[in-house]
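J.: Next input, structure requested:
(chains A and B)
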Amino acid sequence: MSTTPPPPPDRIHSESFLRELMRRQLGLSIGCALAFLVALLGMPLLNYFAPGFMAIRVGGFTLTWLVLGVLFFPYVWIISYFFIRRSLALEASEVSEVNQSRR
Amino acid sequence: MSLSASLLPPLAQASGVDPWILVFSLITVVITVIMGFRSAKTSKTAGDFFVAGRSVSVGWNASAISGEYLSAASFMGIAGMVMAIGYDALWYPVCYACGYLFLLLFIAGPLRRFGAYTIPDFAEGRYDSPLFRKIAVCFVLFIGFFYTMPQMKGAGTTLAYIFPGLPYWVGVAVVGAVITLNVALGGMKGITLVQAMQYWMKVFAISVPVFVLAAVFGGYGDNLAVNRTAHDAPAAAEVAAASPDATPGITQAHRHPLPAKAPADEAWSSPFGPLTTKAAKAAHLSPEDTKPLSLLYTYSLIIALVCGTAGLPHILVRFYTNPDGVAAKRTTMWVMILIGIFYVFPPVIGVLGRNFLPELYNGVGAKGTDKIVLELPTLIREKYGVLGSILSGIACAGAFAAFMSTFSGLLVSMTSAVAHDVYGRMLRPKSTPEQRMKMFKFAAIGIGAVSVGLGCCVEPLEINFMVGQAFAIAAASYFPLLFMSVWWRGMTMKGAAVGMLTGGICALLAAALTNFSNLALDKGPMGKIFAGFAPMNDYWAHHPLLRILCEQPAIWTVPLAIGLMIVVSKATAKDVPSDIRMKMLVLHAPEALGLKNEYIQEHQAGAGH
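T.: Below you'll find the model as predicted:
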């Protein structure tokens, strides 16, 4: 990634390591945030532009009530589960990377 | 035994107290106190007091965070709001849950890795500025007291419900005293166990009545379906069982006639209902002109709730009670599951309440829809006798658990701020851990007393309004601070301070202005006090957009705070801490690399606990 790393005393303290670290973490966080922001911020838009569709009755619920009052919570769980797995894997790979470079 | 047997029934009969409600509420209080006392024995070190020794397991900690988070507003307020305004109130539970996701994605891990007891610790550590610590401490106390007041209001209202005729302030004082004692004795470790237990109590207390009521009165969907059948609801006479086109099979769902004050079915069950159209209605706008304003209101509400969750001080301090960053992340995952499960239930109560207890629409404040959670189970009493009383008792126990746990969490975070930051860092930096622990106890008592005093003053204000205010302030101050400090290395202390203060103060002023103009319309004594703000309402009527921007300020205060942080930081770029790379590394590098120890060795003065 970093083409010419300056000869650092230690890879951890190099500028490129920090940049790469933050870039990867932020990328993952933003990706997950987008997944839930699209749904959260999209709901009012759907309510606004497709009120007829969102008012369809599903088992007594209007569609929009069902999504917001019930289905939204499992959706958030899925995103957070995905994030935690990926973020733990990311940390593990960073640690092993550093340990290899130290060797 | 003989004492209680001879005392309680006359007391109960004299004031019209339901003995079951009394018993369940007493059990909640007694268990809370006993658990506090028991853990007081094991809370020995300063670490136990401030961050529970950083050794709370994921399950306990997740239950405790959830218990702390589900406040009186969640337990009583959401059901009441859904009943009162319908669909739009659903944003509250959803955004409370989503706010946690935001915390998990952007803030929980780095904050935990940085390793500090409190947010002020973080503020000082990140910017090497004792001044900034002082500003941050002020905000902890400020937001904390704002969030304490609605809890106190909940306590006073519930006790007044259980003991008809009991003065409001007595309830506030009793609950305040019990919790203060608990916190002073057990500190953080003590309340962790209590709060964890209280989460399960609250889930039990909201889900059991929902299941029983749904079995008797029909399910969630069936009761929602009823609200489409009668379009001319206010004028409708007895609306009998579901109309022919409603879901066949279960026909238990029906409803009592709605009073004139209740919102009509169409407005209640669909988006952009009474909550978001109030300002436009006052301005007599056409429905076409109203809808964009409603959309704006909805977005601003979402921003305030999501960002506000990520900035509440008593929630943030809990991340430090995890043994490591991995546990902090796992904890957040479980918190999301636990509060998600809880938040499905209050709207069900609200929906059932609209169908079966519509007379509450005629009441105001604590006598109105706010008490639906406590009142609805008593309907069972007509059919099943004592079961209804037991259910109502369970609901009351849940309400007790709700305001007690949130108040104890707030008390710990505010007490930590005083004992750890003000005393331990500013006044007596050389104090011993024993002295700080003693100070923790004194501070707990002092802050508890102030909270009770403030709680006694806010009787006329709505619970939900006060909670909203706390969220709006947190969203525009702490959230931008934490988010930007963690992810942007160019932030300077001046940028952070200017952004946080401007955002927070703008949000506070905007929310206060709306509230004062509302109070000016009040018929009671508050109306006289705030009569000077009455002309505001004429102004609002001509400028509904401005009114919405004041009532829900997050949509402009949050970007304002972040924008100011960027501009001022760029202007003062030379003040960026010289070891910023190391700080960022500690914030983001995996803990397994052991960078924190290295950093602490380099900064003995700045990070020694």
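J.: from here on, contacts and neighbour counts on C-alpha atoms
T.: Noted.
J.: So is stretch B:478-486 next to chain A?
T.: No. Judged by CA under 8 Å from any CA of the partner chain, stretch B:478-486 makes no contact with chain A; its nearest approach is 10.0 Å.
J.: and that stretch, how far out from the chain's middle?
T.: Offset of stretch B:478-486 from its chain centre (CA atoms, centre = their mean, to the nearest Å): 20 Å.
J.: So which residue is smack in the middle of the chain?
T.: Using chain A here. residue A:32 (1.8 Å; CA atoms, centre = their mean).
J.: nope, chain B please
T.: Nearest to chain B centroid, counting by CA atoms, centre = their mean: residue B:71, 5.0 Å.
J.: now do the same end-to-end measure for stretch B:516-529.
T.: 9 Å (CA to CA, to the nearest Å).
J.: Count the neighbours of the residue in chain A positioned nearest to chain B for me.
T.: Relative to chain B, the nearest point of chain A is residue A:60 (4.2 Å; CA to the nearest CA). Neighbour count for residue A:60, taken as other CA atoms under 10 Å in any protein chain shown: 21.
J.: is it true that residue B:354 touches residue B:81?
T.: No. Applying CA atoms under 8 Å, one finds residue B:354 not in contact with residue B:81, separated by 10.7 Å.
J.: These two: which has the busier surroundings?
T.: Higher neighbour count among residue B:354 and residue B:81: residue B:354, with 29 against 24, using other CA under 10 Å.
J.: how about that one, what does it touch?
T.: Neighbouring residues of residue B:354 by CA atoms under 8 Å, 6 or more residues apart in numbering or on different chains: B:83, B:84, B:255, B:258.
J.: which residues in the chain form strands?
T.: Just going to use chain A. All strands of chain A, identified by DSSP state E, fall at A:57-58, A:61-62.
J.: Neighbouring strands - and their directions - for the first one?
T.: The partner list of strand A:57-58 in its sheet, established with DSSP bridges, is strand A:61-62 (antiparallel).
J.: Looking at the strand it pairs with now, give me its mean pLDDT.
T.: Mean pLDDT, strand A:61-62: 84.
J.: and what of stretch B:493-511?
T.: Computed over stretch B:493-511, the average pLDDT equals 91.
J.: How about residue B:283: what's its closest non-neighbour residue?
T.: Leaving aside its chain neighbours, residue B:283 sits nearest to residue B:541 (4.4 Å; criterion: CA to CA, 6 or more residues apart in numbering or on different chains).
J.: ok, and the closest non-adjacent residue to residue B:77?
T.: residue B:370 is the one closest to residue B:77 (CA to CA, 6+ apart), at 5.8 Å.
J.: Residue B:156: neighbouring residues, count only.
T.: Neighbours of residue B:156 (other CA under 10 Å): 26.
J.: next one: residue B:198
T.: 30.
J.: is whichever strand or helix holds it anywhere near chain A?
T.: Per DSSP states H and E, residue B:198 falls inside helix B:168-217. No. Judged by CA under 8 Å from any CA, helix B:168-217 makes no contact with chain A; its nearest approach is 13.9 Å.
J.: Ok, stretch B:588-598 next?
T.: Yes. Applying CA under 8 Å from any CA, one finds that stretch B:588-598 is in contact with chain A at B:588, B:589, B:590, B:592, B:593.
J.: Just the buried residues of the residues you listed.
T.: Neighbour counting by 16 or more other CA atoms under 10 Å in any protein chain shown classes B:588, B:589, B:590, B:593 among the residues of stretch B:588-598 next to chain A as buried.
J.: could I get the residues you listed as JSON lines with pLDDT and secondary structure?
T.: Formatted as JSON lines, those follow (pLDDT from 0 to 100; DSSP: H, G, I helix; E, B strand; the rest coil):
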{"residue": "B:588", "pLDDT": "85", "secondary structure": "helix"}
{"residue": "B:589", "pLDDT": "83", "secondary structure": "coil"}
{"residue": "B:590", "pLDDT": "82", "secondary structure": "coil"}
{"residue": "B:593", "pLDDT": "76", "secondary structure": "helix"}
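J.: near chain B, which residues of chain A show up?
T.: Proximity of chain A to chain B is confined to A:13, A:15, A:18, A:21-22, A:26, A:29-30, A:32-33, A:41, A:44-45, A:47-48, A:55, A:57, A:59-62, A:65, A:68-70, A:72-74, A:76-77, A:80-81, A:83-84, A:88, A:91-92, A:94-95 under the rule CA under 8 Å from any CA.
J.: What's the mean pLDDT across the longest helix anywhere in chain A?
T.: Scanning chain A for the helix with the most residues, using DSSP state H, yields helix A:15-49. In this model, helix A:15-49 has a mean pLDDT of 88.
J.: Give me the neighbour count for the residue nearest to residue B:590 when sequence neighbours are not counted.
T.: Leaving aside its sequence neighbours, residue B:590 sits nearest to residue A:91 (CA to CA, 6+ apart; 5.6 Å). Residue A:91: 20 surrounding residues under other CA under 10 Å.
J.: Hmm, residue A:91 is touching residue B:593, no?
T.: No. Counting by CA under 8 Å, residue A:91 stays clear of residue B:593, with 9.8 Å between them.
J.: residues bridging contact with those two, i.e. touching both?
T.: By CA under 8 Å, 6+ apart, no residue touches both residue A:91 and residue B:593.
J.: before we move on, the earlier item: out of the buried ones among the residues of stretch B:588-598 next to chain A, who's nearest residue B:161?
T.: Among those, residue B:588 lies closest to residue B:161 (CA to CA), at 49.9 Å.
J.: how close does residue B:165 sit to residue B:19?
T.: 16 Å.
J.: next one: residue B:260
T.: Counting by CA to CA, the gap from residue B:260 to residue B:19 is 35 Å.
J.: Give me the more crowded residue out of those two.
T.: The neighbour comparison of residue B:260 against residue B:19 (other CA under 10 Å) goes to residue B:19, with 18 against 15.
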